[in-house]
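# task: produce atomic coordinates for the following.
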Amino acid sequence: MSGQTTVADRILQFNQELAETTLELPPGFAVLNPFSGPQKERVHEVTTAFYRKYYDDDRPRRLVLGSSPARRGTAVTGVPFEDAKLLESETGVDVDGYAVNRPSAGFLHDVISRYGGRTRFYADFVMSFVCPLGLVRTNPQKREVNCNFYENKKLLELLHTFLVDALERQVTFGTDTSVCYCIGSGENYKFLSKVNEGSASSKRSCPWSTRASSRNTTGREQKNSPRSTSALSAEKATSCAALHSASLG
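Numbering: from 1, shown residues only. As a prediction, the model looks like this:
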């Protein structure tokens, strides 16, 4: 986008581009795209209201990146990590009927509260994903379950260009690239680090220092890990050390 734009403008434009995205995946895998799905009109209302409320300025922010949206969370609402009912109260948009997985949203709510509230938190950070669209796989019981971009070698190969392009687009939000916070200290962190270093398998790089986190998928913090809220508050986001999860969204 050209001219004077806000962070909200850039994020919403990115979402519009995602709405037009189609991806080739291996058999047994599928994409969940809230921006082109059956709730797309309501998703557009919610995301527009949310980003206009918290990001209607040109202030640099740091990215906090999970792996990919969960099928009952961000893959439904379009707003990373936020609970649907909280979004309803924040935006005034009716979200009745949304099916949302709440544990990660509850964790985020706790982090935000300890940081000083939503206005302060979102003034410093943009929450997003390495893979900004939801991914599911069909399990042996023929049910769709969450999956991550790195769980299958062929899946990662097919998604690689899309993932790197998405990271580079998210840098254009007006991102403070001095550091990027990675939710997950395993494969998500390894992939981000590889892209960032411009290794042989990742021909382009994103110019930031990547910090891993350490919160597990059940919401319990690992032993001997400093609390994420303490790390965020104490350093104004120079070491996010306690958010470990592969798919919290």
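# now Ser113, what's its secondary structure?
Following DSSP: H, G, I helix; E, B strand; the rest coil, we place Ser113 in the helix state.
# ok, now which ones touch the closest residue to Leu159 other than its chain neighbours?
What sits nearest to Leu159 in space, not counting adjacent residues and going by Cβ to Cβ, 6 or more residues apart in numbering, is Phe149, at 5.2 Å. C-beta: built from backbone N, CA, C; applies to glycine. Applying Cβ atoms under 8 Å, 6 or more residues apart in numbering, we find Phe149 in contact with 67-68, 130-131, 135, 155-156, 159, 163, 191.
# likewise for Cys131?
67-68, 148-149, 159, 162-163, 166.
# again, only this time at 10 Å
Cys131 makes contacts with 23, 31, 65-69, 148-150, 155-156, 159, 162-163, 166-167, 188, 191, 247, 249, as judged by Cβ atoms under 10 Å, 6 or more residues apart in numbering.
# poorly predicted segments of this structure, please.
Low-confidence segments of the chain, defined by pLDDT under 70: 1-3, 72-73, 75, 95-106, 199-249.
# alpha carbons only: can I get the longest helix along the chain in PDB?
When the chain is parsed with DSSP state H, its longest helix is helix 153-171. Coordinates of each C-alpha in helix 153-171 appear next as PDB, following Å, rounded to 0.1, in the frame of the first residue of the first chain:
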ATOM      1  CA  LYS A 153       7.900 -33.000   5.400                       C
ATOM      2  CA  LYS A 154       5.900 -32.700   2.200                       C
ATOM      3  CA  LEU A 155       3.500 -30.200   3.800                       C
ATOM      4  CA  LEU A 156       6.400 -28.000   4.800                       C
ATOM      5  CA  GLU A 157       8.000 -28.200   1.300                       C
ATOM      6  CA  LEU A 158       4.700 -27.100  -0.300                       C
ATOM      7  CA  LEU A 159       4.100 -24.300   2.100                       C
ATOM      8  CA  HIS A 160       7.700 -23.000   2.300                       C
ATOM      9  CA  THR A 161       7.400 -20.200  -0.200                       C
ATOM     10  CA  PHE A 162       4.100 -19.100   1.200                       C
ATOM     11  CA  LEU A 163       5.500 -19.100   4.800                       C
ATOM     12  CA  VAL A 164       8.500 -16.900   3.900                       C
ATOM     13  CA  ASP A 165       6.400 -14.600   1.800                       C
ATOM     14  CA  ALA A 166       4.000 -14.200   4.800                       C
ATOM     15  CA  LEU A 167       6.800 -13.400   7.200                       C
ATOM     16  CA  GLU A 168       8.200 -10.800   4.800                       C
ATOM     17  CA  ARG A 169       4.700  -9.200   4.400                       C
ATOM     18  CA  GLN A 170       4.300  -9.000   8.200                       C
ATOM     19  CA  VAL A 171       7.500  -7.100   8.500                       C
END
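# please name the bridge partners of Leu135.
Beta bridges link Leu135 to Val31 when assigned by DSSP bridges.
# tell me, how many residues neighbour Asp94?
11 (other Cβ atoms under 10 Å).
# touching, it and Glu41? I think so.
No: using Cβ atoms under 10 Å as the test, Asp94 is too far from Glu41 to be in contact (11.8 Å).
# just the buried ones from the contacts of Cys131, in ChimeraX syntax?
In ChimeraX, a selection of the buried entries from those looks like this (16 or more other Cβ atoms under 10 Å):
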select :31,65,66,67,68,69,148,149,150,155,156,159,162,163,166,167,188,191,247,249
